[in-house]
Structure formats: C-alpha cells, structure tokens
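**Student:** Quick one, fold the following:
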Amino acid sequence: MIYDLANYTEAMPATASRGTPFALYSDLDPTRESSIHNSRLAHLVDAIRQLPAHAKDMDYADVSPVTMQIAIDFVRRLPLNRALPKVAVDDEGDILMRWAEPTGRCALTVAHQVLHMTANPGSNSTHVEPLVYNGGHIPPALLQHIPIRA
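**Tutor:** Residues are numbered from 1 along each chain as shown. As a prediction, the model looks like this:
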C-alpha cells in the first residue's frame, strides 16, 4: 500500500481550527503560539534569575536560592494553556508573581518552599491556604486560579 504523505494533514480529522490531533493532546505543541510562549518563558526564567541582584540593589533581604529555584520550577511547570506571570521581589526576599488577564487575576508569593496565593485581589479576594511546594505538579488548589492564556 502506498500513502501520499503530501496529503496526510488533509486526511487527518478536523478537530480544531489548526493542528493535528497529536498537537491537540500533547505538550509538544509545534505552533507559532507555542514558540512565542516558550520564548516568553525563557525571558521569564531569566528575569527570575536576576531578582537576587535586583533585591541587593534595592537593599532588600536576600532572595534565597531555594526561593529562586522553586519560582523557576513553578513557572516551567505551568501548563501551556495558562498565562505567564509578571515577577518581582519584595523587601523580605520573597518572589511575587502576578497574573492580570481578561480571564482572571491572582497573585502568588514564593517564600522558600511555601506558596501563598490570593485570587481576585481586592475587596472580593479569596486567600488559598498556604502550600508547601517541593517541585512536581502544580497543586490544583492553585492552578484553578491561574488565568488561561489569551
């Protein structure tokens, strides 16, 4: 049997506006948007790595290596459909992450291995019970509040 590979993508079922079923069910998303997301993720990781120097310049408490590694691990494990946060450091040496998307808002503080999250900061805020995070999957109690990327 001979297959015409040039027409392979046309023969695939139309399950979405773009991509093949493999791309839809895999973390290996070859789309242009995935490339942009990966580039932004790399810049975000670089920004997190620069936070200890920024804290020192501002005369803030030192950012511990554990805090920095936990923050990097956390953003790397965000699912592709989630927005990436903006990051900063506070005067106690904790790393702050903030999401402000049309699909939702939340803030996360990384203090060593403890994660503190506030969903919808403001008068109607919800505080999530602090969680110890040692890497691995992102706890669903936090993930449910992180906005979907637009």
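**Student:** contacting residues around stretch 89-99?
**Tutor:** For stretch 89-99, contacts defined as C-beta atoms under 8 Å, 6 or more residues apart in numbering pick out 48, 51-52, 54-55, 58, 60-64, 67-68, 71, 74-75, 83, 85-88, 105-111, 146-147. Quick note: C-beta positions are derived from backbone N, CA and C, even for glycine.
**Student:** out of these, which are buried?
**Tutor:** For those, a burial check counting by 16 or more other C-beta atoms under 10 Å picks out 48, 51-52, 55, 60, 63-64, 67-68, 71, 74-75, 83, 85, 87, 105-111, 146-147.
**Student:** Show me what the longest helix along the chain is packed against.
**Tutor:** Looking across the chain with DSSP state H, the single longest helix is helix 32-57. Helix 32-57 is packed against helix 65-76, strand 86-89, with contacts defined by 3 or more C-beta pairs under 8 Å, 6 or more residues apart in numbering; DSSP states H and E.
**Student:** The ones you listed into JSON lines, with extra columns for distance to Arg98 and mean pLDDT?
**Tutor:** Putting the helices and strands packed on helix 32-57 into JSON lines (distance: least, C-beta to C-beta, whole Å; pLDDT from 0 to 100) gives the following:
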{"stretch": "helix 65-76", "distance to Arg98": "12", "mean pLDDT": "96"}
{"stretch": "strand 86-89", "distance to Arg98": "5", "mean pLDDT": "97"}
